[in-house]
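>>> dropping a prediction and its sequence here:
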Amino acid sequence: MIELLALFFVGCVIVLIGLSALFRMTNRDAGSRQFPEMQLKDFVELRALSFRNFSVLFSDSDCRILRAEPRFVRIARRLRMDRRRMALTWLGAVRSDVLLLWRLRRLLTAYGISQGLGEETATTASIVSILVFLSILRVCVFLFGPFAFRQTASLARRHIEAYSRSCRAALGRLPKNKLAEFGAEWRRQYVSAA
């Protein structure tokens, strides 16, 4: 019976310590976290990532349909060239979006929104790898056309969207009292320069 009471007492102590830690954590984070009223889209317009017909841009289904008819072969060739041009334009816009997100992340880091050296190093390595990947993809699309790289472009888009979410999370860690100053600095440095 004494062991049962001791086990009950230890359980109660563990529950109380857990609840105490939970309430302290929410009170401490409430002042430093920014709530949903501050969105990433308020600072950065990601034009390329919001493109709705991404899957059609890298799909060759309509070109194959046109090539099946002998009288539409020339139109299919022209469509292929147009798609190449549009894919290269889209990849250039994606590169601009990534660079804009990187600038935003660097400004957030300058404002003290950082998870430490390890995360910042991983973020920088991620950005460099994304930019290199996009450059290689642009060269491949230029040389071989967009249709062979549909899955590769989807992979690049997923990585960029993940980086966008990490920027959104970092923006969410910006204290409310620094929001106006951060917004003014962002507009001064990057929006007016564009």
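Perfect, I can see it now.
>>> pull out the buried residues from the helix or strand hosting residue 125.
Per DSSP states H and E: residue 125 is located in helix 117-144. Buried residues in helix 117-144, defined by neighbour count with 16 or more other CB atoms under 10 Å: 123, 126, 127, 130, 134, 137, 138, 141. From N, CA and C alone the C-beta is placed, and that goes for glycine too.
>>> helix or strand right after that helix?
Per DSSP H and E, the first helix or strand lying C-terminal to helix 117-144 is helix 150-172.
>>> next up, the contacts around the residue nearest to residue 140 when sequence neighbours are not counted.
Using CB to CB, 6 or more residues apart in numbering and skipping the chain neighbours, the partner closest in space to residue 140 is residue 149 (5.9 Å). Residue 149 makes contacts with 58, 137, 140, 141, as judged by CB atoms under 8 Å, 6 or more residues apart in numbering.
>>> tell me how this protein divides into domains.
Per the record, the chain has its domains at 1-32, 37-51+84-191, by automatic domain parsing.
>>> does anything pack onto the helix holding residue 125? Which helices or strands?
helix 73-110, helix 150-172 (3 or more CB pairs under 8 Å, 6 or more residues apart in numbering; DSSP states H and E).
>>> which stretch in the ones you listed has the least confidence?
Ranked by mean pLDDT, these bottom out at helix 150-172, which scores a mean of 87.
>>> next secondary structure element downstream of that one?
helix 179-186.
>>> what residues of that following helix count as buried?
By neighbour count with 16+ other CB under 10 Å, helix 179-186 contains the buried residues 182, 186.
>>> which residues does the spatially most central residue of the chain contact?
Residue closest to the average C-alpha location in the chain (CA atoms, centre = their mean): residue 164, at 1.7 Å. Counting by CB under 8 Å, 6+ apart, residue 164 touches 40, 46, 49, 101.
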